[in-house]
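In: Give me coordinates for this.
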Amino acid sequence: MLIAPHFLVGTAIATHTDPNEFWLAALAALTSHFILDSIPHRDTIGGFHINTANVIMEMFDVGFTFAVFFLLVPKSLWLYGLAISGVAILPDIIAIPGLFWPQWYQLPIIKPFHWWHTKIIQPPNEKMSWFWGLLPQILTVGTAIYFLTMKPL
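Out: Predicted coordinates for the structure are as follows:
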């Protein structure tokens, strides 16, 4: 999935949990990542992550995500929200070095995680149309924004 669904679900978790329950919120955010990735979706244009279209799409995705975050999250929760939302995108952050250095995916601790995260949880969906590939992500973002507009703790 794109960054926005993962990050904003993590943000919604953060704004509706007590900061004293950091580890429980972090576990919920990490779990949400794998649940969301198990929903069929499409998050690349073309077959490879690094191309002009994907870079532009990701720049928009990240800009939109942070705009929503800073507009809807109270300043008093920014640090906590960023921490929990960071945990929600952690599995994708772990994969970034492999985009530039493919041997990353062969490291003993990374290889089984990468296989599980990409082949089992979210098998490639290049043949899925963009409408059906983006629809679950748009619905997820909309739902997260709904929860972010509710009164936080």
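
In: How far away from the center of its chain is the helix or strand hosting His6?
Out: Using DSSP states H and E, His6 sits in helix 3-15. Remark: helix 3-15 is offset 8 Å from the chain centroid, using CA atoms, centre = their mean, to the nearest Å.

In: And stretch 61-69, by the same measure?
Out: On CA atoms, centre = their mean, the centre of stretch 61-69 falls 12 Å from the chain's centre.

In: Name the residues of it that come out as buried.
Out: For stretch 61-69, burial by neighbour count (16 or more other CB atoms under 10 Å) applies to 61, 65, 68-69. For the C-beta atoms, the positions are set from N, CA and C on the backbone; glycine is no exception.

In: What mean pLDDT does that stretch get?
Out: When pLDDT is averaged over stretch 61-69, the result is 97.

In: From the rest of the structure, what touches that stretch?
Out: 2-4, 7-8, 11, 81-82, 85, 145, 148 (CB atoms under 8 Å, 6 or more residues apart in numbering).

In: Does Ile13 touch Gly86 like I think?
Out: No: applying CB atoms under 8 Å, one finds Ile13 not in contact with Gly86, separated by 11.9 Å.
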